[in-house]
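> model the structure of this input:
(3 chains)
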Amino acid sequence: MFVRALTRKAAAVTAVSALGITALSACSFVTEEGEASGTSEHVVLLTHGDFYLPEDLTETFEADTGYVLDVRPSDGVGDLANLVADEAGKPSGDVVFGVDSTFASRVLEAGAVAPFAGELPDGVADYALAGDDDGALVGVDSGNVCVNVDTAWFDAEGMTPPTTFADLTEPAYRGLFAIPGASTSSPGMAFLLGTIAEFGDDWSNYWADLMANDALVVNGWSDAYNVEFTAGEGGGDRPIVVSYDSSPAFTVADGATGTAALLDTCVRQVEYAGVLEGADNPEGAADLVEFLVSQEVQAALPESMYVFPTRAGVELPTDWATFAQRPSDPLMVDPAEIEANREDWLLEWTDVVSR
Amino acid sequence: MRPPHGPVRVRARGTLTLIGLSALPLAVLTVFFLLPLGGMLARGLWPDGELAPRAVLDVLSRPRVGRVVWFTAWSSAVATAIAVAVGLPVAYVLYRLRFRGRAVLRAAVLVPFVMPTVVVGVAFRQLLRDGGPLGALGLDHTPVAVIAGLVFFNVAVVVRTVGAAWEGLDSRPAEAAAALGATPWQVFRTVTLPTLRPAVVAAASVVFLFCATAFGVVLILGGVRYASVETEIYLLTTVIRDLPGAAALSLVQLAAVTVLLVVAGRTRRVADPTVTRHVADPRRPGRADAPQLVVMTVFAAFLSAPIGALVVQSLRVDGAWSLGHYRALGTTGSEGALVVPATQALANSLQTAIDATWIALLLGLLVSIVVTRRSRSRTERHVRSVLDAVFMLPLGVSAVTIGFGFLVTLGREPLDLRTWPLLVPIAQALVALPLVVRTLVPVLQGIDDRQRQAAASLGAGPLRSLLVVDLPVMWRPTLAAAGFCFAISLGEFGATSFLTRADHPTLPVVIVRLLGRPGEGNYGMALAASVVLAATTALVVLLVERLRVRSVGRW
Amino acid sequence: MLELDAVSVHYDGVPALSDADVRIEDGEVVAVLGPSGCGKSTLLRAVAGLEPLSAGRITWDGADLAGVPTHRRGFALMFQDGQLFAHLSVAANVGYALRLRRVPDRARRVADLLDLVGLAGYADRLPGTLSGGERQRVALARSMAAAPRALLLDEPLSALDAALRERLASDLRRILTESGTTTLLVTHDQEEAFALADRLVVLRGGRVVQQGSAREVWARPVDAETALFLGYARVLDGEPARRVLAALPQRQASPGTAGQVALRRSALVADATTVDAPGAAGLVGAVVSARATPDAVRLVVDVEGVGVLDAVSAAGVPAPGDRVRLRLDAARVALL
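All right, here's what the predicted structure looks like:
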């Protein structure tokens, strides 16, 4: 008699719990959204937060191909590379765009990108990644991370601006340098690689000297350029900053630029696109990659993402052609070496800058 | 007819009910907390399928790790000390004195606690950065900024916990001491403080816990240079991909948190002299209260300065007053900074918060009932106290660890929940769960079990007695806990940043994105979004405060 | 000498104490007596400096105490339930004031004080382990240790049970008079007041309605309400009052201004044997009921021309219906 009562009780309790679980999964106030990926009408682009193309261009793409372009940005380049590498073979998108030379090896090694079979325009192949024998990654844009100086400020102070890495540790430039963190930003990482290319194993001593010279390490490029840099939006108080070779084109006033990139400190960054291995829509993916190196997109890159096109013969905006000087022989670190050492370098770097 | 083996049946039934009621919370906790935590730790400790404790030890011997742990410890200790030092006089003013506007001030003090960390980070930077109102002090990029941010958040915990105890403190021992010749300071030191000690210790240990696991504030205000264990786990996990390192730090954190929770639990168990409440009539402020009133005023200024700076800056466009940044919230920002407009993100946030709230309430109610029911056997009591502790764990485990754990364990077969709409709400609900439990448990414990027995003796079944005895006492605290949950969910960033889908971001995620994007107006838009988020959470907290539930935010 | 001069205290505009004039000579023990809510605690707190005055002044030896904070007044306050510091040992409680003043040789002083209150050997106990009476003794010792100019006692014995109260009352009285401590105590219990105080102040509705020596107040309550509060069982008016008055011995029968008579429960002594004695003085009545208690046989008697009154039997237990003669015990009658 009481055994049955007991079982009934247990059953009731279990039922209530089960109900609760069902409730958890069923009665959500969240509106269910249609699954965007997986349907053939969509092309899903995994990219980073700085990706931006004018709307008329993306509309052209959608009109020409009949696909709907679905952009899924990760926060940073590192996040993007990690995501793509983690999802290798079972991606949540069709195309990746934005992994740069410092992270490309990770994506390749994970086998996340399929060989690209489409046609490449002239010039693009020059940016192929060393070690990418299958031709999986397509170089879409390039830029150089260089130390920038506020020449107007130095003129006003009657000082000579620095020109080399070594100059930056001179007492004359004490407290004048703002650096975006290597662990928190892509240009910061590039700058770190530049110092490694320049100084070899001695790089951490160089950084120790930089820090001893009161260089300021901030989170992102925006913090460094827009907040700390004297010529940035925020009107900070440091006239030396890590930015891009194109940056002087953005400080043009009265037909002259007030800043200059130090061409001996430049590190080349190339951003790659590729079709993801196991993509739901490989045809659409290939179309999108070809679109990214098309004449129209390549011409729009400087204005929309502050980078140089890789395609040969693309005309640059006037200010760029005039003021954005490009280094003839930028510093480079072998991608394989980056992939092998990134962790150790970053650990050592965070150690040096937080001492 | 009575069954022959009454007691046996009762005991078996008690245990069964216990299992039944705790089944759901335990299942959720296992899948969404223990599994991700385990997954994360496993990845670090068994990197190649083999246990590699050497790697963990190596990590702990890194000089940077030492500095990070040390910075976490001392900055949290200093912030805790300041929060207690400031919180005590403020608690006195708000709970022992009577003056116009006290109710509003009490609610206002509570607001920072649920303010989105991101917003607080932005607000402080706004205040301290070069060219900001306090830029001349040169505090930007210093530990002072981090500690100020931590204090800003946590004074509320001290004020609420100590205030609730202080309010119920019999004033006569203090009066007797004064009549024996003790100055007000001596009275405080020798009589009041010893009596408040359990509350102060409980508040301090929780504050220390919150400080030591703070993420957003340290990330934004500390920069690259000043990292805490929590931000270092983030760095090692997401940037450097040093999973053994991250796992090692997570373990350190977990151990520290467990020790702290045990200590806090001990002090809670010490007979609380404030149990026999005796709400003394608050006095009008007198001359002797001047020092406390000064602290209160300075503190109010400290609370409003960053918020004020934030609001003012959000209303400035190109050097003129304008609502431009607020109008921009309907857009995706300049240079395509966002995928969806900020207003859509706000709608997402609200939806997510509603989901997180009902989940946390459901789980919290079940856990509270399980934990507070009278135990009929030693085992049962033991099980209950273990459950109590287990559900407190999310309080101190790195949100980053959990977020990343979600990714590695729930983001792939067999449990691919990446696109499940309840993923983010559940993660947030787990973050808010300890608070719900801590709000409801004291109330349930306060109900004399004899009332339930009386109801039962009058023929009421368990459900009926729940309705008659528990419900009338519970509905206000439950509503208050719901409000708190809602506010916490609105501001949650640590775990959400990992889990949110790019096309379905919450407002804090959008704020951080806007902050990091160049492009004109994005910074202003981030400020405007911060103000909107802060105003929404403040509104919720003010509503909660109207319910006058004492145990909210009390530890 | 402590003096309250037209002292008023208001809470949110509602008067709790109005126009109180009280004087306490050095070494005197004065009890403020009144029902709960009459403002006596307010009076005590005002003297202690815990309540601000709305009007009037409180002086010590002529010096106004306004603006002197509690801890500088030198008045030790002892609460109803002692209010010992629960986290301190008995010795630490007693030595509290000594420690504040860094008095040397504290241990011996504490021991002496514990001896005085009969608690030698309790030094290391915690307040939680003490009985109510022990706690009050510790509280007293703690207050005495402060060597106060005056001692303020808030219902010092009320929390104790009857037997304990009696014992502690005599101890307290002895300690207070031996040490010559000026004492102001407030209580709602007239027995406590009579047992401890030299002089009484009767407070009602926030006003002082009567003050004088304990004996005076006892014998001559100022009005019917005071009489009832002081433990008189009945107050008679009009014709019944006149009849009772007439039954009193002549030398005592100077009627009060109100022409009322207050009787304690044992004011009438009934004697069945003298009921028919010719020319005997007093009243006559019929027994309504009789009940034996350990002290006396208590009667309810219907007195001719007066009404139903309480009485005690002089001898034996009369049966209901018996006629009795009632003699008045003048010490238990008050004329108002």
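> tell me the contacts of whatever residue of the stretch 101-250 of chain C ends up closest to chain B?
Nearest to chain B in the stretch 101-250 of chain C, going by CB to the nearest CB, is C:Ala146, at a distance of 4.7 Å. Glycine gets a C-beta too; all of them are placed from N, C-alpha and C. Counting by CB atoms under 8 Å, 6 or more residues apart in numbering or on different chains, C:Ala146 touches B:179-181, C:74, C:76, C:97.
> does the closest residue to it other than its chain neighbours count as helix, strand or coil?
In space, and not counting its chain neighbours, C:Ala146 is closest to C:Ala97: 3.6 Å by CB to CB, 6 or more residues apart in numbering or on different chains. Of the three states, C:Ala97 takes helix according to DSSP: H, G, I helix; E, B strand; the rest coil.
> touching, C:Ala97 and B:Gly181? I think so.
Yes: under the criterion of CB atoms under 8 Å, C:Ala97 makes contact with B:Gly181 at 5.4 Å.
> any stretches of the stretch 151-300 of chain A with poor pLDDT?
The model of the stretch 151-300 of chain A has pLDDT under 70 over residues A:234.
> please enumerate the strands of it.
Using DSSP state E, counting those that start in this stretch, the strands of the stretch 151-300 of chain A run over A:177-180, A:216-218, A:240-244, A:252-253, A:256-257, A:259-261, A:267-276.
> will you turn those into JSON lines that also has distance to chain C and mean neighbour count?
JSON lines is the format used below for those (distance: least, CB to the nearest CB, whole Å; neighbours: other CB atoms under 10 Å in any protein chain shown):
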{"stretch": "strand A:177-180", "distance to chain C": "55", "mean neighbour count": "26"}
{"stretch": "strand A:216-218", "distance to chain C": "51", "mean neighbour count": "26"}
{"stretch": "strand A:240-244", "distance to chain C": "60", "mean neighbour count": "27"}
{"stretch": "strand A:252-253", "distance to chain C": "69", "mean neighbour count": "12"}
{"stretch": "strand A:256-257", "distance to chain C": "72", "mean neighbour count": "17"}
{"stretch": "strand A:259-261", "distance to chain C": "67", "mean neighbour count": "25"}
{"stretch": "strand A:267-276", "distance to chain C": "66", "mean neighbour count": "26"}
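> as TSV, these with distance to chain B would be great.
Converted to TSV, the strands of the stretch 151-300 of chain A look like this (distance: least, CB to the nearest CB, whole Å):
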stretch	distance to chain B
strand A:177-180	9
strand A:216-218	5
strand A:240-244	10
strand A:252-253	16
strand A:256-257	18
strand A:259-261	15
strand A:267-276	16
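> burial count for the residue of the stretch 1-150 of chain B found nearest chain A?
Closest residue of the stretch 1-150 of chain B to chain A, CB to the nearest CB: B:Gly20 (2.7 Å). Neighbours of B:Gly20 under the rule other CB atoms under 10 Å in any protein chain shown: 20.
> do the same with C:Asp5
For C:Asp5, the neighbour count with other CB under 10 Å is 15.
> where does the stretch 1-150 of chain C get nearest to chain A, residue-wise?
C:Gly128 (42.6 Å).
> quick one: contacts for that residue?
By CB under 8 Å, 6+ apart, the neighbours of C:Gly128 are C:Ala86.
> what pLDDT does the model give it?
C:Gly128 is assigned a pLDDT of 85 by the prediction.
> got it, and B:Val339?
So, for B:Val339, pLDDT stands at 68.
> domain ranges for the chain?
In the absence of a named chain, this looks at chain A. Domain assignment for chain A by automatic domain parsing gives A:42-142+A:269-323, A:144-267+A:328-353.
> um, chain C though
Split by automatic domain parsing, chain C gives C:2-225, C:232-335.
> about what we covered before: a markdown table for the contacts of C:Ala146, including secondary structure?
Shown next, in a markdown table, are these (three-state DSSP):
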| residue | secondary structure |
| --- | --- |
| B:Ala179 | helix |
| B:Leu180 | coil |
| B:Gly181 | coil |
| C:Gly74 | coil |
| C:Ala76 | strand |
| C:Ala97 | helix |
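> so what touches stretch B:76-83?
B:147, B:150-151, B:154-155, B:157-158, B:204, B:207-208, B:211-212, B:228.
> chain C: which of those residues is nearest?
Using CB to the nearest CB, the contacts of stretch B:76-83 come closest to chain C at B:Ala204, 18.1 Å.
> what's the next secondary structure element after the helix or strand where the closest one lies?
Using DSSP states H and E, B:Ala204 sits in helix B:193-212. Per DSSP H and E, the first helix or strand lying C-terminal to helix B:193-212 is helix B:216-222.
> just the C-alpha atoms of the helix or strand just after that following helix, please, in PDB.
Counting by DSSP H and E, the next helix or strand C-terminal to helix B:216-222 is helix B:229-234. Taking C-alpha atoms only, helix B:229-234 is exported to PDB below (Å, rounded to 0.1, in the frame of the first residue of the first chain):
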ATOM      1  CA  VAL B 229      43.800  36.600 -12.500                       C
ATOM      2  CA  GLU B 230      40.500  36.900 -14.300                       C
ATOM      3  CA  THR B 231      41.800  39.100 -17.100                       C
ATOM      4  CA  GLU B 232      44.900  37.000 -17.300                       C
ATOM      5  CA  ILE B 233      42.800  33.900 -17.800                       C
ATOM      6  CA  TYR B 234      41.000  35.800 -20.600                       C
END
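> circling back: and the residue of the stretch 1-150 of chain B closest to chain A, how far from B:Thr192?
46 Å (CB to CB, to the nearest Å).
> repeat for B:Val207
20 Å.
> and the residue in the stretch 201-350 of chain A positioned nearest to chain C, what element?
Closest residue of the stretch 201-350 of chain A to chain C, CB to the nearest CB: A:Thr350 (48.1 Å). Using DSSP H and E, A:Thr350 maps to helix A:335-353.
> so what does that helix touch, helix or strand wise?
The helices and strands touching helix A:335-353, judged by 3 or more CB pairs under 8 Å, 6 or more residues apart in numbering or on different chains; DSSP states H and E, are helix A:104-109, helix A:186-199, helix A:203-212, helix B:63-96.
> out of those, nearest to B:Thr500?
helix A:186-199 (21.4 Å; CB to CB).
> and the angle for the closest one with strand A:267-276?
Angle of helix A:186-199 versus strand A:267-276, following axes from the mean of the first three to the mean of the last three CA atoms, to 10 degrees, is 120 degrees.
> what's helix A:186-199 in contact with?
A:76-78, A:100, A:102, A:145, A:147, A:165, A:179-183, A:203, A:205-207, A:217, A:220-221, A:242-244, A:265-267, A:269, A:331-333, A:338, A:345-346, A:349.
> tell me the buried residues within the residues you listed.
Buried members of the contacts of helix A:186-199, counted by 16 or more other CB atoms under 10 Å in any protein chain shown: A:76-78, A:100, A:102, A:145, A:147, A:165, A:179-183, A:203, A:206-207, A:217, A:220-221, A:242-244, A:265-267, A:269, A:331-333, A:338, A:345-346, A:349.
> what is the burial count for residue 95?
Assuming you mean chain A. 28.
> please refer instead to chain C.
Neighbours of C:Gly95 (other CB under 10 Å): 23.
> residue contacts, it?
C:106-107, C:109-110, C:145.
> nearest residue to the residue of chain B found nearest chain C other than its sequence neighbours?
As assessed by CB to the nearest CB, chain C sits closest to B:Ala179 within chain B, at 3.4 Å. Take B:Ala179 and drop its neighbours on the chain: the residue closest to it by CB to CB, 6+ apart is C:Leu77, 3.4 Å away.
> specify the beta-bridge partners of the one you found.
Listed beta-bridge partners, C:Leu77: C:Leu152 (assigned using DSSP bridges).
> for B:Leu366, see how far away the residue of the stretch 1-150 of chain B closest to chain A is.
10 Å.
> please enumerate the shared neighbours of the two.
Common contacts of B:Gly20 and B:Leu366 (CB under 8 Å, 6+ apart): none found.
> can you give me the helices in chain A?
Along chain A, counting by DSSP state H, helices occupy A:2-26, A:55-65, A:77-86, A:104-109, A:151-157, A:186-199, A:203-212, A:221-222, A:282-292, A:295-305, A:318-323, A:335-353.
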